[in-house]
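Trainee: Okay, sequence plus prediction incoming.
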Amino acid sequence: MKRTKQLDNDLVQISNSNKKRKLENQIKTINSNKLDIFLFVIRYLLEDLPNEILYNIFEYLDPYDIYKGFYNLNKRFQNLAINSNVLTKINISTISISNFEDYYRTILLPNRNRINFLDLSNPFAADIIFSPPDHILNFVHLETLIIDNVESISFYKFFDYFMKLPNLHSLIISFGEGILKIDYLFAQIFRLSKLKYCKIKYEIQYCEELFYSFTEYISSPIEYLIINAPFPFKAFHNLLCFLPKLQHLSIGFLHLFGDIHIEYQLSPIQLKCLRHVSIYFSMIHFDEIEKIIKEFFHHVEILHLTTYYTETYLDTQRWQKLIVYHMPYLRVFDINCQDFLGYDISCHDVTEFNSSFWIKNKCFFVNQYEWNDQSFGGVIYSSGLYRRKKYKFHWKIDELLGLHHQQENLNSIEHIHMKTDIKSNCRRYFSNVNRLTIETTFKISDGDSFITNLNHIVSLKQLTKLVIRTFDFTFEHIIKLLLLTPNLYTLEFCESSMWTIDLNVIKQNIPFQYTLTENKIENLVVRGKCSLNQIQFIVYIFSKLKYLKIGIQETEIRSIIRYLLSKTHNKTQYLFYLCISLSQKNWLEEVDDLIKLDNLLNNYSIKYIRGNLHLWW
């Protein structure tokens, strides 16, 4: 009996051992991607979870990941996916063309009448989903639409159908070519009778003389308008007259455009709902902005202004009168004034921005600058206690400022632009930053010290996106940063960072070996033109790439395309999107012919957009 019991125990142990070994083998076959591992556990260990918990899990996943991970597991999961509200939110941006076609056929087409959120950030997606254009009418519950790099001819072709969507209230759109008549563009957008939120990005196609009407009065229901593009100041007055319900206004670059003519100005209206204004402009005189403020900004509570090379904006007495008499509800005044001024002017104006009026109104100002014998170069900006999303370090921080300038509320900041070297005694800590941009306005004297000090002011392990736009940041230092950023998925750096790389030496480097296996980079942008050897190195170290944007030496186009699309190695097995920057239009035909001639891809799309060649497969 005792022996039988022992035998049973042995059999149980053997069985458990076999199960464990089988499980380990199954796990080894699973891609290291965290989503695949998570879904593996869900399928084999958590199938008994109630539907309510699974729906909660769905809320944390992208709709395509839900489809990929759950839809084909069994009938129960398929029904859960179909009945889940998350499948009403569709994001077509980060999947291969074959996965897109499957997803489009199985999920998107049958659910068009349920979808309320459609993100077509992939520049190929809109022409596929909205073909023919009257298919737009099937999206009867669509509320939010995002289209990226759309051609104007396609947009105007789609637009008549957009107008017939009864629930479309949010539009985010960027154009893949220069726009000649932006007055016509805005006139079309203002015709969308349900639109509450509009975010638009474009480039202006310049000609010898531009004539903008902006005079045919159209009352738009838009409440939030964000223009991440140049906009003519001469048309600004009339633009505001079209927006009686406007609450939030942001303009990326308000410009004078010397050759623009406007027929006449409309009579100003009261913008009683306008609370938040953010404007970037250059070389527009204070008199012009003052007139706009007096006519339209009476109810504004938050005002952000960024101006370059216009010292008249340092007149604090003038600002005080404007605020007291024309902006009585203003509670946040944020002026970012960057200039190169004489010492006598700058010293006085910096002091005036810390006078009793500003302190009484809880507007504390910080100035960051560099002095030389004749001039002052720097920025003056407010540091009121409100929730910023972005923060910039400009030049050297004034060490003589009082401590109250260091007590700014930094917890809301998510994105830092680093424009100065960092001192080891910097008191500021940004606890919630997840994006970091290192700019080119300074020289990094000691890369190791810079990284050490950087880790003292931000939590590097929280970063998901890192942009390096300085030419003297070596690739060795990029590797050291990657060691400290385990959750980084998007990286951008300059091709010059790879100039001094000795591949044989760096491969023996222990940090490099760790980075090789542990980095999670899926989206990579390399500024500048890369050689074949450099690209081979890039895909060697970043083996999980899905999206790659690079410049290419013209003499190596064919060899680089062959290498990236080659089926003889698995170094680019996850790559499905290539964007070639600084390209020429005739490259499209050359690359297309090469792919067909060498049979490099069976299913792909190719497009030339604003100097960039896009290839999706």
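Mentor: Yes, it's here. Numbering: from 1, shown residues only.

Trainee: Next one: residue 107 from residue 75, what distance?
Mentor: Using Cβ to Cβ, to the nearest Å, residue 107 is found at 16 Å from residue 75. (C-beta placed from N, C-alpha, C; glycine too.)

Trainee: More neighbours: which of these two?
Mentor: Legend: neighbour count by other Cβ atoms under 10 Å for residue 107 and residue 75, higher for residue 107 (20 against 7).

Trainee: Domain map for this structure?
Mentor: 2-26, 215-258+266-386 (automatic domain parsing).

Trainee: Lowest average pLDDT across the ones you listed?
Mentor: Among the domains of the chain, domain 2-26 carries the lowest mean pLDDT, at a mean of 44.

Trainee: ok, and for stretch 551-566, which residues are buried?
Mentor: Residues of stretch 551-566 classed as buried by neighbour count (16 or more other Cβ atoms under 10 Å): 551, 552, 556, 557, 560, 561, 563, 564, 565.

Trainee: Touching, the fifth one and residue 552? I think so.
Mentor: Yes - Residue 560 is within contact range of residue 552, at 5.4 Å (criterion: Cβ atoms under 8 Å).

Trainee: which neighbours do these two share?
Mentor: residue 530 (Cβ atoms under 8 Å, 6 or more residues apart in numbering).

Trainee: sorry, back to before: in helices, which of the buried residues of stretch 551-566 fall?
Mentor: When DSSP state H is applied, those are split such that 557, 560, 561, 563, 564 fall in helices.

Trainee: Name the nearest of those relative to residue 160.
Mentor: Of all those, residue 561 has the smallest distance to residue 160: 38.9 Å, by Cβ to Cβ.

Trainee: I'd say that closest one and residue 593 touch.
Mentor: No - applying Cβ under 8 Å, one finds residue 561 not in contact with residue 593, separated by 10.7 Å.

Trainee: Quickly list what's touching both of these two.
Mentor: With Cβ under 8 Å, 6+ apart as the test, residue 561 and residue 593 reach no residue in common.

Trainee: For the residue lying closest to residue 418 once chain neighbours are set aside, list the residues it contacts.
Mentor: Closest residue in space to residue 418, ignoring its immediate chain neighbours: residue 438 at 4.7 Å, by Cβ to Cβ, 6 or more residues apart in numbering. When contacts are counted by Cβ under 8 Å, 6+ apart, residue 438 touches 418, 466, 467, 468, 469, 470, 473.

Trainee: shaky segments in the stretch 351-500 of the chain?
Mentor: Low-confidence segments of the stretch 351-500 of the chain (pLDDT under 70): 351-354, 361-410, 421, 423-427, 440-443, 445.

Trainee: for it, what spans make up the strands?
Mentor: Under the criterion DSSP state E, counting those that start in this stretch, the stretch 351-500 of the chain contains strands at 365-371, 375-382, 390-394, 415-419, 435-438, 465-468, 490-494.

Trainee: Quick one: residues in contact with the last one.
Mentor: To tie it back to what came earlier, the one meant is strand 490-494. Contacts for strand 490-494 (Cβ under 8 Å, 6+ apart): 464-471, 473, 475, 478, 482, 521-528, 542.

Trainee: next helix or strand past it?
Mentor: Per DSSP states H and E, the first helix or strand lying C-terminal to strand 490-494 is helix 503-506.
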